[in-house]
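Participant: Predicted model and sequence below, questions to follow.
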Amino acid sequence: MKDYIFTVVCITDSGTVCEKVWSRQFDDALEAVKSYQSFVDHATCVLERVVTLTEPNGQSHSKIFKYPYGSEKAYEEACARWRVKPNLAAVSG
């Protein structure tokens, strides 16, 4: 059944030069949940890793793993260093 698809997406360090995206679709709910649950925090990201499971009915479940910077201020400073800033000159042509 084409409409009965579960999707698991893992985005690591979104918006940085280190960004990585992994995605897989499942037609079996148990396999999708096993895949979603297999993602654990190993602090291998620069900023954060977001894992999302989307059900066929549109409902989604997410978990966020942040790199352990020690404080929210340190995390925000790391975000300022690592986030890719848009090149406005290239966009405006």
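Facilitator: Yes, it's here. These numbers come from a predicted model, not from an experiment.
Participant: rest of the way, CA atoms for contacts and neighbours
Facilitator: Noted.
Participant: wouldn't residue 25 be in contact with residue 10 here?
Facilitator: No. The pair residue 25 / residue 10 is not scored as a contact, 12.0 Å apart, by Cα atoms under 8 Å.
Participant: neighbour-wise, which of the two wins?
Facilitator: Between residue 25 and residue 10, counted using other Cα atoms under 10 Å, the more crowded position is residue 10 (21 against 14).
Participant: So for residue 60, what pLDDT did the model give?
Facilitator: Per-residue confidence (pLDDT) for residue 60: 97.
Participant: What about it, how many residues nearby?
Facilitator: 13.
Participant: next one: residue 69
Facilitator: Other residues within reach of residue 69 by the criterion other Cα under 10 Å amount to 14.
Participant: That one: what's its closest spatial neighbour, skipping adjacent residues?
Facilitator: residue 75 (5.5 Å; Cα to Cα, 6 or more residues apart in numbering).
Participant: Would you agree the one you found falls within a helix?
Facilitator: Yes. Counting by DSSP: H, G, I helix; E, B strand; the rest coil, residue 75 falls inside a helix.
Participant: List the residues that contact it.
Facilitator: For residue 75, the residues meeting the contact criterion (Cα atoms under 8 Å, 6 or more residues apart in numbering) are 47, 67-69.
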